[in-house]
Structure formats: C-alpha cells, structure tokens
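K.L.:
quick check, what structure comes out for this input:
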Amino acid sequence: MIPLSAPFPLNRPRRLRREGWIRELVAETRLTPEDLIWPMFVCDGDNQRAPVGSMPGVDRLSVDLAVEAARQAADLGIPCVALFPYTDESKKTPEAEEAWNPDNLVNTATRAIKAAVPDLGVMLDVALDPYNADGHDGLVRDGVIVNDESLMALEKQALAQAEAGADILGPSDMMDGRVGVIRQALESHDFQDTIIMSYAAKYASAFYGPFRDAVGATGALKGDKKTYQMDARNASEALREVSIDLAEGADMVMVKPGLPYLDICTSVKREFGVPTFAYQVSGEYAMIEAAAANGWVDGDKVAMESLAAFKRAGCDGILTYFAPRIAPLL
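P.N.:
The predicted model follows:
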C-alpha cells in the first residue's frame, strides 16, 4: 500500500529529481557490471572472427579469441560468460552425439577460459539443437520430439560439460524432468558443486531468430518448438515450471525472453525468492541495434534503460549481448 502523502505544495516530488546527486541517492534500482552475464558464440579455427549478420556488433569467435574476450569480461567486472557453439554441419546428426564430445567447441573453450581466467564463471547451455540435424532441443523420432530418450542424451551432455569445468549448466531444452536427471547425474559423478540455472520459463518465442542464425540452427530446424517450449499467452504455467525445476534441484532460474516477459520475472521472484535471471535475447538486441543504426533511438541509453527494467522487475542478473558495451558505462 502506498502511504498517504502531504498535498501540494507541501509535497513536491520534483525536489528529489532536481540534481544528479540526489537522483543517485534515492535511486531504487542499481545496475552494475556484476549483474551481467555475457553470451558468446564460439566457432572453429584460430584467430577467427565472423560477424553475425542479424546481430550487429556480435561476432562468432574462435577459441583463442574467446579466451581474449573472457579476459576482457574479467577486466570489466563481468562475473560470467555463457558459451554457445557454431557447429559445423558435418558434425550435426539425428542423435546429436557431438553434444557430449569432450572436445567439442564449448568444452574446449571452457577448459581454455578456465585455464586463462580461473576466477571467471563459465556457463554452458544444455540442449541438443546446435548438434541435432533436425535443429530441435531434443531427439526426433518420426517427427515427434521425444522426451525420455532425450533425457539420456542431455545427461551425457551435462556430464561432459561438468568434466570440462563449466561452473553453471543451463538446461534450456524444456524436456520434462531434465533438471532432476542432470542433478542426479552430477551428484553421482562428484560434481556436487556444479550450479544449475534452469531455463525454467522458456517461451516458444519469435524473438529467437537471430540467435538461431548465430549458432547455425535456422536452416536445420524442422517445424517449430511449441510442443516443449511454453505458450506465450501463459503466466501461471511459468510458476508451475519454476516450482518443478526447483524441486528437481535447480539452484537458479531463468525467464526467456526478457523484456516481453517482465511480468513473469516479477512473479517468479515474488513467489519463490530464489536467484532469478532473464535472458535479453537476440531479437531484443537486434531491434535496439536496428533502431539505433537508423538514428531513431540512442542505442546505449535504450540498452541501459532496458537492463535497468530487468533489475526493477526483480531479476538478480541478466544475460545480455550488450554486456561488454554497457559494463564500461556503469
């Protein structure tokens, strides 16, 4: 309940807005580099940098350049990077075996980053879509994305990532029961300290298009992901999904996409009080960059405002492609 205030002119809210120092003193929301996770795309080769056409300013990086970017993240005060692979088409199969190859791109990059910047957190995505010839997060049988068989593949993928040194595993596949399977596997293989940040409320969204370009999954995807990702019209279902993942052993939860789902972020934080993150996804980033490139908005100011909105909504942190650009401004 908002307390009663004295009437004008005894009460003048503009008093607390007149100067920059007082606005800072009474600000309700704080955004710092420590609130950010920087998603990066990793590709084959050495000294390779390939721009992602639909995400201006974002490049796919070979492992050696990803290590340099990780050092930059640490210097900027960004506590964690999230790695995603651009997998060669020849390595994509219906069984997605490359997902648990100990020497795949993200596992190799993880070992290199942890050796070079040991105090920087590394987060890896647990899902089959970068490695699946069908472009889906689970295995496909006769046109159906099968749940329980996919769990066995996801378990192997998660263990390979933990063995590579990943600090955080992010199950983004949205298969039923995957958090429990991964947590049990980690416990039984002496990876008790590996953190799970589940993509608990991940929606079947049209905002993911540029990301699929970045990881090379656009052409491979057959159909859509609506049988396992959430319906954009549902809110209560998100709370049920979060509850399930927490009961199965998730340490932190994520809402994805971000800005169109701020109401979900707030509800999750209020209902459960657990570390809650949002992913400012590729489509959100691309829209801001496109508008800025046309001179319609100030890109840095809009990016900063959007990130503050996540904090205001209750998020503890944000995965954002703006991280290396915004961190120095903070």
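
K.L.:
what stretches of this protein score poorly on pLDDT?
P.N.:
Residues of the chain that meet the criterion pLDDT under 70 lie in 1, 218-219.

K.L.:
give the buried residues for stretch 151-158.
P.N.:
In terms of neighbour count (16 or more other CB atoms under 10 Å), stretch 151-158 has its buried residues at Leu151, Ala153, Leu154, Glu155, Lys156, Gln157, Ala158. C-beta coordinates here come from the backbone N, C-alpha and C atoms, glycine included.

K.L.:
which one of those residues is nearest Pro79?
P.N.:
Among those, Ala158 lies closest to Pro79 (CB to CB), at 21.7 Å.

K.L.:
quick check: that closest one is in a helix.
P.N.:
Yes: using DSSP: H, G, I helix; E, B strand; the rest coil, the assignment for Ala158 is a helix.

K.L.:
how close does the closest residue to it other than its chain neighbours get to Pro118?
P.N.:
In space, and not counting its chain neighbours, Ala158 is closest to Ile182: 4.5 Å by CB to CB, 6 or more residues apart in numbering. According to CB to CB, to the nearest Å, Ile182 stands 24 Å off from Pro118.

K.L.:
coming back round to it: which of the buried residues of stretch 151-158 sits closest to Asp46?
P.N.:
Nearest to Asp46 among those, counting by CB to CB, is Gln157 at 25.5 Å.

K.L.:
next, the contact list for the closest one, please.
P.N.:
Ala99, Trp100, Val126, Leu128 (CB atoms under 8 Å, 6 or more residues apart in numbering).

K.L.:
what kind of secondary structure is the residue nearest to Ala158 in?
P.N.:
From three-state DSSP, the assignment for Ile182 is helix.

K.L.:
residues touching it, list them.
P.N.:
Shown in contact with Ile182 (CB under 8 Å, 6+ apart): Val126, Leu154, Glu155, Ala158, Leu169, Pro171, Ile196, Gly249.

K.L.:
what is the neighbour count of the closest residue in space to the last one that isn't next to it in sequence?
P.N.:
The one in question is Gly249. Closest residue to Gly249 in three dimensions, ignoring its sequence neighbours and counting by CB to CB, 6+ apart: Arg183, at 3.2 Å. As a burial measure, Arg183 scores 23 neighbours (other CB atoms under 10 Å).

K.L.:
next, Ile288: phi, psi?
P.N.:
phi -60, psi -40 (degrees, to the nearest 10).

K.L.:
tell me which element the residue nearest to it when sequence neighbours are not counted falls in.
P.N.:
Spatial nearest neighbour of Ile288, chain neighbours left out: Val302 (5.3 Å); criterion: CB to CB, 6+ apart. Using DSSP states H and E, Val302 maps to helix 299-312.

K.L.:
paired strands for the helix or strand following that helix, with orientation please.
P.N.:
The C-terminal neighbour of helix 299-312 among helices and strands, as given by DSSP H and E, is strand 317-320. The pairing partners recorded for strand 317-320 under DSSP bridges are strand 36-43 (parallel), strand 276-280 (parallel).

K.L.:
show me how far strand 317-320 is from its chain's centre.
P.N.:
7 Å (CA atoms, centre = their mean, to the nearest Å).

K.L.:
right, and the helix or strand after that strand?
P.N.:
With DSSP H and E, the next secondary element past strand 317-320 is helix 323-326.

K.L.:
report the secondary structure element holding Ala162.
P.N.:
helix 148-164.

K.L.:
same check, this time on Tyr199
P.N.:
strand 195-202.

K.L.:
what angle sits between that strand and strand 36-43?
P.N.:
For strand 195-202 against strand 36-43, the angle by axes from the mean of the first three to the mean of the last three CA atoms, to 10 degrees is 90 degrees.

K.L.:
pull the CA atoms of strand 195-202 into PDB?
P.N.:
Extracted C-alpha coordinates of strand 195-202, given in PDB (Å, rounded to 0.1, in the frame of the first residue of the first chain):
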ATOM      1  CA  ILE A 195      25.400 -25.000 -10.400                       C
ATOM      2  CA  ILE A 196      22.200 -25.500 -12.400                       C
ATOM      3  CA  MET A 197      20.500 -22.400 -13.700                       C
ATOM      4  CA  SER A 198      17.400 -23.800 -15.400                       C
ATOM      5  CA  TYR A 199      15.700 -22.100 -18.300                       C
ATOM      6  CA  ALA A 200      12.600 -22.700 -16.200                       C
ATOM      7  CA  ALA A 201      10.200 -20.400 -18.100                       C
ATOM      8  CA  LYS A 202      11.300 -20.500 -21.700                       C
END
